[in-house]
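> structure of the sequence below:
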Amino acid sequence: MKYLSTRDNSLKKSFNEILYQGLSKDGGLYLPVEWPNIDIHNLENKSYEDVALEIIFPFVKENFSKGELQNILNESYSTFSHEKKAPVKELQTNKYILELIYGPTYAFKDYALQFLGKLFSYSLIKNPKKITVLGATSGDTGSAAIHAFKTNQDINVFILHPHGKVSPMQQKQMTTVNEENIFNIAIEGNFDDCQKIVKTLFIDDEIQNKTSLTAINSINWARLIAQVVYYFWSHLQIKNKDINFIVPSGNFGNIFSAYVAKKMGLPINRLHVATNKNDILKSIITHGQMNKKIVSQTFSPSMDIQISSNFERQMFESFDRDSNQVNNAFNEFNKTGSYQFSSSVIDNFKKIYDASSINDDETLDTISKIFKKYNYISDPHTATGFKLLMDKNDDETWVSLACAHPAKFNTAVEKAIGKATDIPIELSNLFDKKENMTILPNNIQEVKNYLLQNI
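The predicted structure follows:
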């Protein structure tokens with residue numbers, strides 16, 4: 001399997017070359033040259049780890065044997081607290097929840113980042129070196145990455161988050177880890193500012209000459225292939241021929257993983273993107289308008305994003321894999337803050353996706369209604385999807401993703417249902433621990449200097 005860049009479709013790189021690089025030097029994102037095909041019938045009666053083996057192996061087989069990958073997957077999911085790892089629960093006829101809350105940090109990011117952490121560890125055994133993980137987070141990615149890498153002293157981890165714009169629980173999960181290789185940076189800006197700094201530093205020659213800089217955001221292809229697994233896993237649990245998914249989305253990585261599953265042979269009919277007030281994804285998919293806007297703070301902070309990095313991968317696909325069109329689009333967008341897709345490309349988006357924006361009032365109302373009707377407590381990100389699920393026709397099979405444990409967002413939960421949900425002991429203990437973080441201005445050079453001083 002070879003990999004190209006969304007901004008240079010002539011590239012032919014190996015998985016090992018893209019594993020650490022994350023972002024291509026031309027600024028693009030990696031994708032496989034071709035999509036492997038999976039026969040879903042060959043996945044029946046297998047464990048989650050064994051299903052993951054069959055789906056992921058075609059992407060990595062030049063660099064890892066099947067036995068090595070099996071060991072990586074077994075270790076990745078050994079600490080998950082549910083026997084099915086990602087169980088599907090039926091709310092009512094043809095309406096289901098895919099619960100992705102059973103990893104060590106109680107968020108869907110664990111499914112990819114536990115895998116990525118073990119993948120790095122095995123790769124470093126083969127090719128020993130020191131690497132530097134650099135990532136931006138709007139909440140859950142940071143804590144999941146820190147938990148995955150905190151015991152590996154060959155990896156320094158620098159996580160940027162928007163200061164004061166993640167939930168208190170999300171912040172504590174990051175900043176109370178006291179390992180010497182963990183560096184938390186609070187940026188005086190929003191998530192898009194953090195993401196811009198990370199992308200700029202990835203193509204900075206001085207930093208790349210000092211260390212091997214590695215991506216753990218969903219710009220890293222290895223994260224997406226791990227997320228593909230639970231879409232297949234959902235289908236195997238429900239056993240319906242055709243399936244539809246509702247995915248709360250900010251950076252577009254999770255729902256693009258569903259698109260990948262579709263390209264690999266999973267019989268997905270429709271994909272519905274749920275966004276909050278920050279509705280750039282709805283604007284693009286519905287009207288073809290990609291505009292820079294001011295980011296609004298909401299009850300679903302992990303979706304408080306206006307520039308969704310992974311949408312570049314869908315742009316590349318919808319441009320018939322023409323990297324010149326991707327480059328032209330971003331050149332115009334970066335100059336003017338706006339880009340209008342053609343009607344044919346919009347039609348392509350709409351063949352695959354629907355998109356809706358759910359505001360804070362609707363989010364809280366949905367948490368309340370779901371609790372009253374089903375005695376089920378959802379976090380606000382999950383609730384954006386549940387709002388859409390409740391409106392779907394009962395004669396089609398719809399699965400909505402549960403993204404995080406509601407205790408991570410108890411302020412919103414209590415506002416919606418009049419009480420906080422029970423907090424798992426691993427989370428409640430965080431508030432007794434000392435925080436460690438460095439607050440920096442929204443300035444690329446200052447962040448760069450901080451990295452160079454600490455790597």
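> in stretch 26-38, which residues are buried?
Using 16 or more other C-beta atoms under 10 Å as the test for burial, stretch 26-38 gives 27, 28, 29, 30, 31, 32, 36, 38. Every residue, glycine included, has its C-beta placed from N, CA and C.
> any idea how far residue 164 is from the last one?
When C-beta to C-beta, to the nearest Å is applied, the distance between residue 38 and residue 164 equals 43 Å.
> one step back: dump the buried residues of stretch 26-38 to a markdown table, plus pLDDT.
A markdown table is the format used below for the buried residues of stretch 26-38 (pLDDT from 0 to 100):
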| residue | pLDDT |
| --- | --- |
| 27 | 90 |
| 28 | 95 |
| 29 | 96 |
| 30 | 97 |
| 31 | 98 |
| 32 | 98 |
| 36 | 97 |
| 38 | 97 |
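> between these, which sits nearest residue 129?
Within the buried residues of stretch 26-38, proximity to residue 129 (C-beta to C-beta) peaks at residue 30, which comes in at 20.4 Å.
> just checking, the closest one is part of a helix?
No: if the criterion is DSSP: H, G, I helix; E, B strand; the rest coil, then residue 30 is strand and not within a helix.
> surely residue 339 touches residue 327?
No: Residue 339 is beyond contact range of residue 327, at 11.9 Å (criterion: C-beta atoms under 8 Å).
> out of those two, which sits in the more crowded spot?
A count of neighbours by other C-beta atoms under 10 Å puts residue 339 above the other of residue 339 and residue 327, at 20 against 16.
> leaving out the residues flanking it, which one is nearest to residue 66?
Nearest residue to residue 66 in three dimensions, chain neighbours excluded: residue 57, at 5.9 Å (C-beta to C-beta, 6 or more residues apart in numbering).
> just confirm residue 344 is within a strand.
No: looking at residue 344 with three-state DSSP, it is helix, so not inside a strand.
> circling back to that earlier point, tell me who's in contact with the residue nearest to residue 66.
For residue 57, the contact set (C-beta atoms under 8 Å, 6 or more residues apart in numbering) comprises 64, 66, 69.
> low-confidence regions, the stretch 201-350 of the chain specifically.
Filtered on pLDDT under 70, the stretch 201-350 of the chain yields no residues whatsoever.
> helices of that one, residue ranges please.
205-210, 221-238, 253-263, 280-287, 311-318, 323-336, 343-352 (DSSP state H, counting those that start in this stretch).
> do the stretch 351-455 of the chain as well
With DSSP H, counting those that start in this stretch as the criterion, the stretch 351-455 of the chain has helices spanning 360-374, 380-390, 410-417, 425-428, 444-454.
> quick check: buried residues in the shortest one?
Which is helix 425-428. Buried residues in helix 425-428, counted by 16+ other C-beta under 10 Å: residue 427.
> do the longest one as well
For helix 360-374, the neighbour count (16+ other C-beta under 10 Å) marks 360, 362, 363, 364, 366, 367, 368, 369, 370, 371 as buried.
> returning to that earlier point: can I get the helices of the stretch 201-350 of the chain in TSV including distance to residue 304?
Shown next, in TSV, are those (distance: least, C-beta to C-beta, whole Å):
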stretch	distance to residue 304
helix 205-210	27
helix 221-238	20
helix 253-263	15
helix 280-287	11
helix 311-318	16
helix 323-336	20
helix 343-352	23
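> show me the contacts for the closest residue in space to residue 291 that isn't next to it in sequence.
In this structure, residue 291 finds its nearest non-sequential neighbour in residue 338, 4.9 Å apart by C-beta to C-beta, 6+ apart. For residue 338, the contacting residues are 289, 290, 291, 292, 332, by C-beta under 8 Å, 6+ apart.
> please tell me how far residue 338 sits from residue 290.
Counting by C-beta to C-beta, the separation of residue 338 from residue 290 is 7 Å.
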